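# got a sequence here, can you build the structure:
(chains A, B, C and D)
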2 protein chains.
Amino acid sequence: MDASPETALQDRAPDAPAADGGPRDEVLVAAAETFTAKGFAAASIDDVARAMGATKGRVYHYHRSKLDLFAAVVRRGLEIIHADVTRAAAAAGADPAARMAAMTRAHLVSILRDRPFHRCALQGVEMHLTAATTPDQRAALGDLIALRDRHQRLFEDAIAEGARGGVFGATDPRLAARTLLAALNGPVHWYRPRAGETEADRARLVEEIAAFALRGLGAQAEPTKGRKA
Amino acid sequence: MDASPETALQDRAPDAPAADGGPRDEVLVAAAETFTAKGFAAASIDDVARAMGATKGRVYHYHRSKLDLFAAVVRRGLEIIHADVTRAAAAAGADPAARMAAMTRAHLVSILRDRPFHRCALQGVEMHLTAATTPDQRAALGDLIALRDRHQRLFEDAIAEGARGGVFGATDPRLAARTLLAALNGPVHWYRPRAGETEADRARLVEEIAAFALRGLGAQAEPTKGRKA
DNA sequence: TTGCCAACATACCCGGTAGTATGCAATCGT
DNA sequence: ACGATTGCATACTACCGGGTATGTTGGCAA
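Next comes the predicted model:
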């Protein structure tokens, strides 16, 4: 079986397109929910399997280790949100304020929609700063950190551009982006879709948090120009 | 030893005054740093002991279980920051904006000073939302959540008062407080005192984040009235 | 039909860790 | 001076959970 180390299934790029609803995808979803519920270290592979009504065999059939599984979940989360924000930024015009507003809302919407994945992504990011003991862990989490940095730079650049245009008052784009994202990521920790929650409820949540974040940057509260779009 | 279940050492109120620098305190500090570095689930009691150059015996002499130890750390963190913010709020005048500014800065300063404890506090809060399996865990974390809520209510009330006075633009004080605190707690995840960092550096950090947060509330950027105090 | 392989389930191993039981030196009250 | 208690260290146990090795079943190709 391990005759050639490259033969077996890897979860490299095949995960990137994603969300096909197939069995591989079901494992990822179950893992995201379980890791979200119990945390990476506290959740067992059996827990993940049980969440699907399956056993370890199914999990290890698609992923070579617990960390690999987790990394796949984190990667999925980071790629989803990066795609969402990038798309929103492209759709918005060149105006820095409107562009930033669109990015902020897209980030929030993405979080509310795929909260388990994004929660795991945050967990994964924190694991890096802390103690990634083994060298393979370092490697596995390393490129995930790169993805996170890429996403953060999206906001850094937008802030810096706005600051050059005098739209924002930020002196340190990096610190501003960090603080902005910290505020935007808040719902990851406490949001739970309540029973009978409407789309409008979520939209209101997004608008309130987005308003806070955009004001925080020093932007003038533009009269909800692109609203309802 | 367990003849009477109440004789032995409990870590109830005795911890509250705290920070005496004694051996009990040293255990708490080591625990805070270890849990911060590895996370609650991933950190072992031996890790905590090793961080002190001691063994498990010393830890279990002061705390009855891993969760008890962790709860003590979380409690310490929550009590510290609550005391700091309360004191700052009292020192500031009755003006809602100035009061909120003082609270915000106090919260940030507290985080930079005692980051390990506050990081554990955040961890502990998240553990509650997730899976506190056993009933004693529920109980242990329950009152910690109460402490967290008390601290959050400090900000909620200040926001609500400011909103009544028309100082802030917040429609939902609870959501505003949550988002505000999320932004303020940002440094808990990434801050590390760099070598050769001066007091002024930290002050600048505090001011930038505080400015973001206060603007987020819709407050006018008051010309740093109580600065250097 | 047969053979092969994907897609799992089952059974098992084994290292790490929470918790305990015990030993033991120093200190303290009397 | 001397038990008793404090303040740990050491040794050990029980168990959980990651990982693996080995079935077993269904579908698909030839």
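
# sec struct for residue A:183, please.
helix (DSSP: H, G, I helix; E, B strand; the rest coil).

# so which residues make contact with the one helix or strand residue A:122 maps to?
Assigned by DSSP states H and E, residue A:122 belongs to helix A:115-129. For helix A:115-129, contacts defined as CB atoms under 8 Å, 6 or more residues apart in numbering or on different chains pick out A:29, A:31-33, A:35-36, A:39-40, A:70-71, A:73-74, A:76-78, A:80-81, A:110-111, A:141-142, A:144-145, A:148, A:185, A:187-189, A:191, B:39, B:189-190. Heads up, the C-betas are built off the backbone N, CA and C, glycines and all.

# ok, stretch A:138-158 near DNA strand D or not?
No. Figure legend: stretch A:138-158 not in contact with DNA strand D (CB under 7 Å from any atom of the strand); closest approach 11.1 Å.

# sorry, back to before: drop anything exposed from the contacts of helix A:115-129.
Neighbour counting over the contacts of helix A:115-129 (16 or more other CB atoms under 10 Å in any protein chain shown) leaves A:29, A:31-33, A:35-36, A:39-40, A:70-71, A:73-74, A:76-78, A:80-81, A:110-111, A:141, A:144-145, A:148, A:185, A:187-189, A:191, B:39, B:189 as the buried ones.

# can you list the buried residues in the helix ranked longest in chain A?
Taking DSSP state H as the criterion, chain A has its longest helix at helix A:135-164. For helix A:135-164, the neighbour count (16+ other CB under 10 Å) marks A:137, A:140-141, A:144-145, A:147-148, A:151-152, A:154-156, A:158-163 as buried.

# for chain A, which residues are neighbours of DNA strand C?
So far as CB under 7 Å from any atom of the strand goes, chain A lies against DNA strand C at A:23, A:49, A:54-58, A:61.

# if we can go back for a sec, buried sites along the helix holding residue A:122?
For helix A:115-129, using 16+ other CB under 10 Å, the buried residues are A:115-128.

# also stretch A:204-213?
In stretch A:204-213, counting by 16+ other CB under 10 Å, buried: A:205-206, A:208-213.

# pLDDT of it, averaged?
Throughout stretch A:204-213, pLDDT has a mean value of 97.

# still on that earlier bit, do the helix holding residue A:122 and DNA strand D meet at all?
No. Residues of helix A:115-129 are not located near DNA strand D by CB under 7 Å from any atom of the strand, the shortest gap being 14.2 Å.

# now that helix: how far from the chain's centre is it?
8 Å (CA atoms, centre = their mean, to the nearest Å).

# quick check: angle from that helix to helix B:115-129?
150 degrees (axes from the mean of the first three to the mean of the last three CA atoms, to 10 degrees).

# same question for helix A:115-129, mean pLDDT?
The average pLDDT for helix A:115-129 rounds to 92.

# ok and the residue in chain A nearest DNA strand C?
Per CB to the nearest atom of the strand, the residue of chain A with the smallest distance to DNA strand C is residue A:57, at 2.1 Å.

# so what pLDDT did that residue get?
97.

# residue contacts, it?
residue A:49.

# tell me which element it is part of?
Assigned by DSSP H and E, residue A:57 falls in helix A:56-62.

# immediately after that helix, which helix or strand?
Next along from helix A:56-62, by DSSP H and E: helix A:66-91.

# the helix or strand that that following helix is followed by vs chain B: in contact?
Counting by DSSP H and E, the next helix or strand C-terminal to helix A:66-91 is helix A:96-113. No. On the criterion CB under 8 Å from any CB of the partner chain, helix A:96-113 is out of touch with chain B, staying 10.6 Å away.

# buried stuff in helix A:96-113?
Residues A:96-112 are the ones in helix A:96-113 that count as buried (16+ other CB under 10 Å).
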